[in-house]
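# For reference, the sequence and a predicted model appear below.
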Number of protein chains: 2
Amino acid sequence: MQPSSLYKQHDFTLGKGKKATVQDPSTAEKIKSAAKKLFTKKGYAAIRTRDIAEEAGINLALLNYYFRSKKKLFDLVMKENIHLFLGAMIENINNNPRTFDEQLDFIVDHYIDLLLQNPDLPFFVLNLLQSGKLPAEDKDDPLFRNIQQLRNSFLKNIQQAMEKGKVKNIHPLHVIANMMGLIIFPFIARSLLMARAGHISRKEFEELMIERKKLIPEWIRSIMRAP
Amino acid sequence: MQPSSLYKQHDFTLGKGKKATVQDPSTAEKIKSAAKKLFTKKGYAAIRTRDIAEEAGINLALLNYYFRSKKKLFDLVMKENIHLFLGAMIENINNNPRTFDEQLDFIVDHYIDLLLQNPDLPFFVLNLLQSGKLPAEDKDDPLFRNIQQLRNSFLKNIQQAMEKGKVKNIHPLHVIANMMGLIIFPFIARSLLMARAGHISRKEFEELMIERKKLIPEWIRSIMRAP
DNA sequence: GTCTATAGGGTGATAGAC
DNA sequence: GTCTATCACCCTATAGAC
């Protein structure tokens, strides 16, 4: 008998038509976090269901028992990762910073914190992007509405600053690309950077990333400032 | 009968012990460039040998006839891609620019040209990096010796400029990461940037990247300049 | 050199005992 | 809920005809 929902919240039909909902996070949770770890690090195609079962320390059959299929398990991980990746911005909306400078400081700070805790997240997203499997923005998902809102206000702020002559006339794509690149790139290239730009330990790397929380906003501002 | 070398330079033993070397690039070349296109875009695990055969318009068996195995074909593509990726720097060495500014201008210019022609190259390299399959630097390969030389002179130039007080005191990893990130990131995130940072066509994107050839060195310099 | 057919092994998924 | 055993399919690689 298969669970009716994907996440172990079965409706068991008992005798006399009674129903009971059983919560049992432990095994399903083990599988899901193993899947998250492996899929995030290496992508969908490179991971076998057997790898996930082994990582979770459970039997292969349980994976299908709880999640029906590899694809469905991946979709679940993908959804969570995308929310994690975009979630750093939600707080921005809720915190309601108005100016470009405030937004900049907030985003840089929160994203670097996020990436320090989830260093493989950018690779996962870029992998989706490259394979064309990044799902379209879901109009019903409040998260995406917030993102769109943030993007619009961010772009508007850049536009206004340029019109007032406070910053150079610069295409918004440059600003977005620079900000994202300065935040994200060190994490996707970290093994290269650690090995080749001097021999840098994991701890030193993390300290340098924390240092970037202050530096990147300064850099972005100096890049945009009129001569 | 299998070809003795991987790349279709057979020694056929003819009657009376004569040998002749036959050059036949067309089929092997078709397979290799199909493999390059697909492996570069989606990585090793996501591509089947059937995909390559179809893309090349040849029979599946020919792939193994010419290249022995999927793995060997991938290794060949990997080697070529790594050389392509690092080759943009070789010319730098051969051109012998001395100062940091000269090196900076040269690298940015040549890398953006390279990436305009091979936009999927960074993803391929980062994919190798992430899966831990990037081969160690080969001491025998002159390419790697040149890279090491360039890296050292680049790092030395940064160090010297800081000692002379011409630029801020900044960890070299920041400089390398910033330069690489500003050059490479727009290409790995291009579909995201084109769709979400305003609706940007392929042509507009390329024009913006060409614009970055002038802007990035300015940005790097303004980032490093003492206040 | 190129094809068809198929071997051989891996992989996702399930049946059925407990 | 969890396990063992196994099916059915897919994928790489090769044998053998032409």
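Great, that's in hand.
# Which parts of chain A are strands?
If you assign secondary structure with DSSP state E, the strands in chain A sit at A:9-13, A:19-23.
# which other helices and strands contact the longest helix along chain A?
Longest among the helix segments of chain A by residue count, using DSSP state H, is helix A:70-95. Under the contact criterion of 3 or more C-beta pairs under 8 Å, 6 or more residues apart in numbering or on different chains; DSSP states H and E, helix A:70-95 touches helix A:25-42, helix A:60-67, helix A:100-117, helix A:121-130, helix A:142-163. Where C-beta positions appear, they are placed from N, C-alpha and C, glycine not excepted.
# and the residue lying closest to A:Phe67 once chain neighbours are set aside, how many neighbours does it have?
With C-beta to C-beta, 6 or more residues apart in numbering or on different chains as the measure, A:Leu73 is the residue that lies nearest to A:Phe67, at 4.1 Å, once sequence neighbours are left out. When neighbours are defined as other C-beta atoms under 10 Å in any protein chain shown, A:Leu73 has 24 of them.
# repeat for A:Arg145
A:Arg145: 14 surrounding residues under other C-beta under 10 Å.
# can you tell me which residues contact it?
A:Lys139 (C-beta atoms under 8 Å, 6 or more residues apart in numbering or on different chains).
# What's the per-residue pLDDT of it here?
Per-residue confidence for A:Arg145 comes out at a pLDDT of 87.
# how does chain A divide up, domain by domain?
Recorded structural domains for chain A (assignment: automatic domain parsing) are A:9-68, A:73-224.
# ok, back up a step: looking at the strands of chain A, which has the lowest confidence?
That would be strand A:9-13, which, of all the strands of chain A, carries the lowest mean pLDDT at a mean of 39.
# Next, the contact list for A:Thr40, please.
If you count contacts by C-beta under 8 Å, 6+ apart, A:Thr40 has them with A:77, A:81, A:118, A:120-121, A:123-124.
# hmm, back to that, which positions in the longest helix of chain A come out as buried?
Neighbour counts over helix A:70-95 (16 or more other C-beta atoms under 10 Å in any protein chain shown) mark A:70, A:73-78, A:81-82, A:84-90, A:92-93 as buried.
# pLDDT below threshold where in chain A?
Counting by pLDDT under 70, chain A contains low-confidence residues at A:1-25, A:92-93, A:95-97, A:226-227.
# and A:Ala88, how far is that from DNA strand D?
Using C-beta to the nearest atom of the strand, to the nearest Å, one gets 33 Å for the distance from A:Ala88 to DNA strand D.
# How about that residue, nearest residue that isn't a chain neighbour?
Nearest residue to A:Ala88, sequence neighbours excluded (C-beta to C-beta, 6+ apart): A:His110, at 4.4 Å.
# which residues touch the spatially most central residue of chain A?
In chain A, the C-alpha nearest the mean C-alpha coordinate belongs to A:Phe85, at 2.2 Å (C-alpha atoms, centre = their mean). Residues in contact with A:Phe85 (C-beta under 8 Å, 6+ apart) are A:114, A:121, A:125.
# what about the last one, how many neighbours?
Close neighbours of A:Val125, defined as other C-beta under 10 Å, add up to 22.
# likewise A:Asn127?
26.
# Return the most buried member of the helices and strands packed on helix A:70-95.
For the helices and strands packed on helix A:70-95, the stretch with the most neighbours on average is helix A:121-130, a mean of 22; neighbours defined as mean count of other C-beta atoms under 10 Å in any protein chain shown.
# From the chain's centroid, how far away is that helix?
9 Å (C-alpha atoms, centre = their mean, to the nearest Å).
# Run the contact check for that helix versus chain B.
Yes: between helix A:121-130 and chain B, judged by C-beta under 8 Å from any C-beta of the partner chain, the touching residues are A:123, A:126-127, A:129-130.
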